[in-house]
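S.K.: Got a sequence here, can you model it:
(one chain, ligands or ions: 1)
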Amino acid sequence: WDIEKGTYPHFMLKEIDEQPIVMRKIIKAYQNENNELKLDRNVREAIKACDRIYIIACGTSYHAGWTGKQVIEKLAAIPVEVHVASEFSYNMPLLSAKPLFVFISQSGETADSRAVLVKIKAMGYPALTITNVPGSTLSREADYTLHLYAGPEIAVASTKAYTAQIAVLAILAVDAAQAKGITLDFDPMQELAIAANAMEMLTDQKEAMEDLVVNHLEKARHAFFIGRSSDYYVCLEGALKLKEISYIQAEGFAGGELKHGTIALIEEGTPVIALATQANVNYAIRSNVQEVVARGANAMVISMKGLEQENDTFVLPHVHALLTPLVTVVPLQLLAYYAALHRGCDVDKPRNLAKSVTVE
Ligand code: G6P
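M.R.: Residues are numbered from 1 along each chain as shown. Model prediction:
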């Protein structure tokens, strides 16, 4: 990995662009020469032995955890809970009989996550860390580690680590399914490769995202992201990215929840970015878009090939329904990047934030 910016104006843009390469590195790292999944056997045994997975993380890694839950539950039929580390520490839920803890952390040094790791190890529970830094504290102190292979991430706002986390969680889900004797009706590695190609097509369309920012977001005071099902989790991440680096107040909402309060905030011209990549909720999210448009919102719909409708702002290439977060997040990362850029913000080093937070 090149740890210099090279011709890029910012690390964040470079790291957004590196995402397809990271996907391909992950595919290679987790496959043997016969194209079979190659994962630490002990991880497989730990998954087989558990009755519930507890994902613990902070920030962007926490958002990746929600997609991980979706994929693991759908493919491997293991119940998964996702918790913010700082909450879990002080307000531990009732645990199942045989929990497996999965810590997701780009840096492997986040103090909030480590505090939970220390607690659950003292209770005698097994822990797996998914991290970009194999020698990190969370990696050393957990029983097992899965590497993200994303290369150094320098920009404070996490991008390639997020998509790497989702890809590795998907591979973990496939491994868990195999461990339980569940046969999948698709080739997961091939689907990941398709997603990598789609990500590359999107990183080649930066101008479209910059135009959207210039026309609709640059001067906004606030913005909303709405989506349903797996799109909802990406909305949380899209809103976080925008907040972190452009300082536009942004929130991600489940499409159906808007009407229970937040819709009161929609006024003439409020930017609402809607994700529509899931067939079973396509109709529902579209009616949420109509609800906000009827109240004056400036809605931008990002949909997926096969589900697109006339006037959609942007249509993403088609990828497997469980892997859509890998592609939906790319335009949202670019929106945040260009919003920060056009607002004159320090893209790579936003105020008040640190890359790795080592205090609780
Ligand atoms: C900090 C960073 C975030 C990151 C979070 C968790 O707050 O600014 O970008 O998502 O920590 O970091 P981790 O290294 O544990 O993934």
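
S.K.: What residues does the stretch 1-150 of the chain have near the ligand?
M.R.: 58-61, 105-107, 110, 113 (CB under 6 Å from any ligand atom). Using the backbone N, CA and C atoms, a C-beta is placed for each residue, glycine as well.

S.K.: would you list these in CSV and tack on distance to Thr358?
M.R.: CSV is the format used below for those (distance: CB to CB, whole Å):
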residue, distance to Thr358
Cys58, 12
Gly59, 14
Thr60, 17
Ser61, 15
Ser105, 11
Gln106, 13
Ser107, 9
Thr110, 7
Ser113, 11
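
S.K.: so which two of those are the farthest from each other?
M.R.: The largest separation in those, counting by CB to CB, is between Thr60 and Ser113 at 12.6 Å.

S.K.: got the contact list for whatever residue of the stretch 151-300 of the chain ends up closest to the ligand?
M.R.: Among the residues of the stretch 151-300 of the chain, Ser158 lies closest to the ligand, at 4.1 Å counting by CB to the nearest ligand atom. Ser158 is in contact with 59-61, 106, counting by CB atoms under 8 Å, 6 or more residues apart in numbering.

S.K.: Assign it to helix, strand or coil.
M.R.: coil (DSSP: H, G, I helix; E, B strand; the rest coil).

S.K.: For burial, what's the neighbour tally of the residue in the stretch 51-200 of the chain that the ligand sits nearest to?
M.R.: Among all residues of the stretch 51-200 of the chain, Gly59 sits closest to the ligand, at 2.7 Å; criterion: CB to the nearest ligand atom. Residues within reach of Gly59, counting by other CB atoms under 10 Å, total 22.

S.K.: what does the one 3 residues further on give?
M.R.: Burial of Tyr62 is recorded as 22 neighbouring residues (other CB under 10 Å).

S.K.: Am I right that it is in contact with Val102?
M.R.: No - if you go by CB atoms under 8 Å, Tyr62 and Val102 don't touch, sitting 11.9 Å apart.

S.K.: re earlier: phi and psi next, for the residue of the stretch 51-200 of the chain closest to the ligand.
M.R.: Note on Gly59: backbone dihedrals following degrees, to the nearest 10 are phi 60, psi -130.

S.K.: list the contacts for it?
M.R.: Counting by CB under 8 Å, 6+ apart, Gly59 touches 158, 240.

S.K.: Leu240 too?
M.R.: Contact analysis of Leu240 by CB under 8 Å, 6+ apart lists 59-60, 63, 250, 252.

S.K.: let's see it at 7 Å
M.R.: When contacts are counted by CB atoms under 7 Å, 6 or more residues apart in numbering, Leu240 touches 60, 63.

S.K.: So it: helix, strand or coil?
M.R.: Assigned state for Leu240: helix (three-state reduction, three-state DSSP).

S.K.: While we're on it, how confident is the model there?
M.R.: pLDDT, Leu240: 98.

S.K.: so where do the helices sit in the stretch 1-150 of the chain?
M.R.: Along the stretch 1-150 of the chain, the segments classed as helices by DSSP state H, counting those that start in this stretch run 11-17, 19-29, 41-49, 59-76, 85-90, 111-122, 137-141.
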